[in-house]
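Novice: I would like the atomic coordinates for the input below:
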Amino acid sequence: MGHGGDVIDELTTDHREVDALFEELQAAAPGSSERKRLLDKVTIELVRHSVAEEEHLYPAVRRHLAGGDAVADKEIADHSRVEKLLKELEGRGADAVHFDELVTKLKAEVTSHVQDEEQNLFVQLRQACDKNELSELGERVRRAKKTAPTRPHPSAPDTPPGNKLLAPGAGLVDRARDFVTGRGK
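Specialist: Residues are numbered from 1 along each chain as shown. Okay, here's the model as predicted:
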């Protein structure tokens with residue numbers, strides 16, 4: 001077993017990081033560039049997390065859980081709702097009309113997805129999978145996230161891939177997704 005927790009620990013840690021980013025985002029001055037920068041961080045984190053779940057967690061859910069297909073489909077539908085909101089936000093500055101409203105919606109959507117995963121999906125998965133399997137999945141998720149963009153630093157990165165990813169303009173969600181899945185190569 002590698003270091004780092006099993007898949008449930010790993011994804012739960014991600015959830016707490018995203019919660020913390022949302023807190024920071026909502027604490028930043030309304031309309032400020034800091035708020036937009038934090039949204040970009042949230043976007044990249046959510047995309048990395050979603051891709052890791054879609055590539056590794058949900059196939060395991062389909063294999064191991066009773067009614068796993070329906071569960072996985074619901075989670076993926078959650079992700080696409082989140083992604084739609086991220087796309088609506090990516091073209092707007094923090095001072096744009098509806099920016100804060102969309103951020104509030106995004107946070108609500110992410111929070112309910114997280115609670116659902118932690119209270120239902122993760123609980124079922126722990127019962128259905130043995131420890132080794134969960135550890136192996138944790139390892140795979142960590143690898144998937146490593147290929148993902150590094151967490152943006154306080155000043156936007158000026159070296160690839162970070163600079164390409166955080167370049168202004170539309171498409172951060174798609175660029176992040178292509179990067180993480182290796183499609184953009």
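Novice: how close does residue 125 get to residue 133?
Specialist: 9 Å (C-beta to C-beta, to the nearest Å). Every C-beta, even on glycine, is put in place using the N, C-alpha and C of the backbone.
Novice: typed the wrong thing, it's residue 77
Specialist: Residue 77 is 25 Å from residue 133, where distance means C-beta to C-beta.
Novice: before we move on, the earlier item: overlap in contacts of residue 125 and residue 133?
Specialist: residue 60 (C-beta atoms under 8 Å, 6 or more residues apart in numbering).
Novice: For this protein, which residue occupies the most central location?
Specialist: For the chain, the residue whose C-alpha lies nearest the mean C-alpha position (C-alpha atoms, centre = their mean) is residue 46; its distance is 1.9 Å.
Novice: in whichever strand or helix holds it, what's buried?
Specialist: For residue 46, the enclosing helix or strand under DSSP states H and E is helix 33-52. By 16 or more other C-beta atoms under 10 Å, the buried positions in helix 33-52 come out as 35-52.
Novice: can you pull the buried residues of whichever helix or strand comes after that helix?
Specialist: Note on helix 33-52: by DSSP H and E, the next helix or strand toward the C-terminus is helix 58-64. Neighbour-count burial for helix 58-64 flags 58, 60, 61 (criterion: 16+ other C-beta under 10 Å).
Novice: swap in stretch 19-34?
Specialist: By 16+ other C-beta under 10 Å, the buried positions in stretch 19-34 come out as 21, 22, 25, 28.
Novice: hey, which helix or strand in the protein has the poorest pLDDT?
Specialist: None of the helices or strands of the chain scores lower by mean pLDDT, DSSP states H and E than helix 162-166, at a mean of 55.
Novice: helices or strands up against the helix or strand where residue 103 lies?
Specialist: Secondary structure from DSSP H and E places residue 103 in helix 99-116. Judged by 3 or more C-beta pairs under 8 Å, 6 or more residues apart in numbering; DSSP states H and E, helix 99-116 is in contact with helix 7-27, helix 33-52, helix 68-90.
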